[in-house]
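# what shape does this take:
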Amino acid sequence: MLRTGINLFGRTIQACEGRLGAVCITSLSMFRTSFVLEAEEGSIKRWDAEWKKKLTPQQYFVTREKGTEKPFSGEYLDSHKRGLYHCICCKTPIFSSEHKYDSGSGWPSFYRAYSSTEHTGSDAESNITQHADNKFSMRRIEVMCKKCEAHLGHVFEDGPQPTSLRFCINSSALEFVSIEE
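Next comes the predicted model:
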């Protein structure tokens, strides 16, 4: 659905309404410029070149190309410090150390996503979204950052109580922020 024409550097480009109410821009490949767009609901969009400048190659691979780090290799796998795990791309709080546990899977695991209300941890109140992922002939649920759409990992229904969820998250997609005691 066409939303508006935007004049950029003397050229008219088309902006359209995208999925989840975000804004998508078309016909910009002729420009070599930075692009950061604060779209509806505070979401962030950037050109791939901007993400590549901001992130390490491993972080880019995991978060923007939906890659996976090798099991038992992540920086936060065995971390037991108190704090919040933020999205490496946009610094949004995603998981709390209070909900982290050792699943034995090889990736940092959490049984609940961080929520500022902390009473349910549901998607509606958290900073994540979940989407079906049927790649590699597997049925999984992908976990993404709600603000910047970074791929974080996957969620499975074999976790501990009280949620029975196991969020297996790539360390490369996270930045830990310690809570001072």
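# low-confidence stretches in the protein?
In the predicted model, the chain carries pLDDT under 70 at residues 1-43, 117-124, 181.
# where do the strands sit along it?
Along the chain, counting by DSSP state E, strands occupy 2-8, 11-17, 23-26, 36-38, 44-46, 83-87, 93-96, 100-101, 109-110, 128-133, 140-145, 151-156, 166-169, 174-178.
# so how far is stretch 164-176 off the chain centroid?
From the chain centre to the centre of stretch 164-176 is a distance of 10 Å (CA atoms, centre = their mean, to the nearest Å).
# buried stuff in that stretch?
165-176 (16 or more other CB atoms under 10 Å). Where C-beta positions appear, they are placed from N, C-alpha and C, glycine not excepted.
# closest to residue 101 among these?
residue 166 (8.5 Å; CB to CB).
# against residue 165, how distant is the residue lying closest to the closest one once chain neighbours are set aside?
Nearest residue to residue 166, sequence neighbours excluded (CB to CB, 6 or more residues apart in numbering): residue 159, at 3.5 Å. As judged by CB to CB, to the nearest Å, residue 159 and residue 165 stand 4 Å apart.
# what is in contact with those two at once?
residue 111 (CB atoms under 8 Å, 6 or more residues apart in numbering).
# residue 88: how many residues sit nearby?
24 (other CB atoms under 10 Å).
# list the contacts for it?
So residue 88 contacts 55, 59, 63, 150, 172-175 (CB under 8 Å, 6+ apart).
# try 7 Å
55, 59, 63, 172-175 (CB atoms under 7 Å, 6 or more residues apart in numbering).
# any chance of a markdown table for the residues you listed, columns distance to residue 69?
Listed next are those as a markdown table, based on distance: CB to CB, whole Å:
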| residue | distance to residue 69 |
| --- | --- |
| 55 | 13 |
| 59 | 10 |
| 63 | 11 |
| 172 | 5 |
| 173 | 9 |
| 174 | 11 |
| 175 | 15 |
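# from the residues you listed, which two are the most distant?
Largest pairwise distance in the contacts of residue 88, by CB to CB, is 12.3 Å, between 55 and 174.
# list of residues touching stretch 65-82?
58, 61-62, 85, 97, 106-108, 151, 170-172, 174, 176, 178-179, 181.
# I figured residue 103 hits residue 166, correct?
Yes - with contact defined as CB atoms under 7 Å, residue 103 reaches residue 166; the gap is 5.4 Å.
# and residue 161, how far is that from residue 110?
From residue 161 over to residue 110 (counting by CB to CB), the distance is 14 Å.
# ok, these two, which is more surrounded?
Between residue 161 and residue 110, counting by other CB under 10 Å, residue 110 is the more crowded of the two (27 against 7).
# now residue 162. Nearest residue, chain neighbours left out?
Here the residue nearest residue 162, using CB to CB, 6+ apart, is residue 111, at 7.6 Å.
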